[in-house]
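**Student:** below is the sequence, then the predicted model.
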Amino acid sequence: MFKRTKLYSMLFLKCPRCKKGKFLESHPYQLSSGLNKVKPRCPKFDLNYHIEPAFYTGSMYVSYAVGVAIGVAIFVLTFFSGLAKHPLAIFSYIVLGLFLLMPYIGAVSKSIWAHFFLK
Ligand SMILES: [Zn+2]
């Protein structure tokens, strides 16, 4: 049931239309094979993922929003769980979290951007 939702296909980097085909050429953390390279077309139903040149440049705005949301989530988790109370310690956790999640944030931002415009 959850596999047929837009949220699932955004988070698990699936095709915006069929929600089955892979969206990226490789896993986001497989850094050696091009960082978050989007496939040219859906392998299942041939949806064109590149509708215009530099289409995924706009996903930077989504990446910023996703980064802020993750930063706020890390702040809430560290502050209210008592893991860290000092602002510098909380800031360190946020920077570490964003650094570790950077490949996935870039990939999920492209996926969200594609879900906005590809039907
Ligand atoms: Zn598809």
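**Tutor:** Thanks, I have the structure now. Numbering: from 1, shown residues only.
**Student:** gap between the longest helix along the chain and the chain center?
**Tutor:** In the chain, assigned by DSSP state H, the helix with the most residues is helix 87-117. Centroid separation for helix 87-117 versus its chain: 7 Å, with C-alpha atoms, centre = their mean, to the nearest Å.
**Student:** pull out the buried positions in it.
**Tutor:** Residues of helix 87-117 classed as buried by neighbour count (16 or more other C-beta atoms under 10 Å): 90, 93-94, 97-98, 101, 104-115. Glycine gets a C-beta too; all of them are placed from N, C-alpha and C.
**Student:** now Pro103: how far from Leu24?
**Tutor:** According to C-beta to C-beta, to the nearest Å, Pro103 stands 10 Å off from Leu24.
**Student:** shared neighbours of these two, anything?
**Tutor:** Counting by C-beta atoms under 8 Å, 6 or more residues apart in numbering, the shared contacts of Pro103 and Leu24 are Asn36.
**Student:** how much space between the residue nearest the centre of the chain and Leu13?
**Tutor:** Within the chain, one residue has its C-alpha closest to the average C-alpha position: by C-alpha atoms, centre = their mean, that is Val108, at 1.5 Å. Distance, Val108 to Leu13, by C-beta to C-beta: 7 Å.
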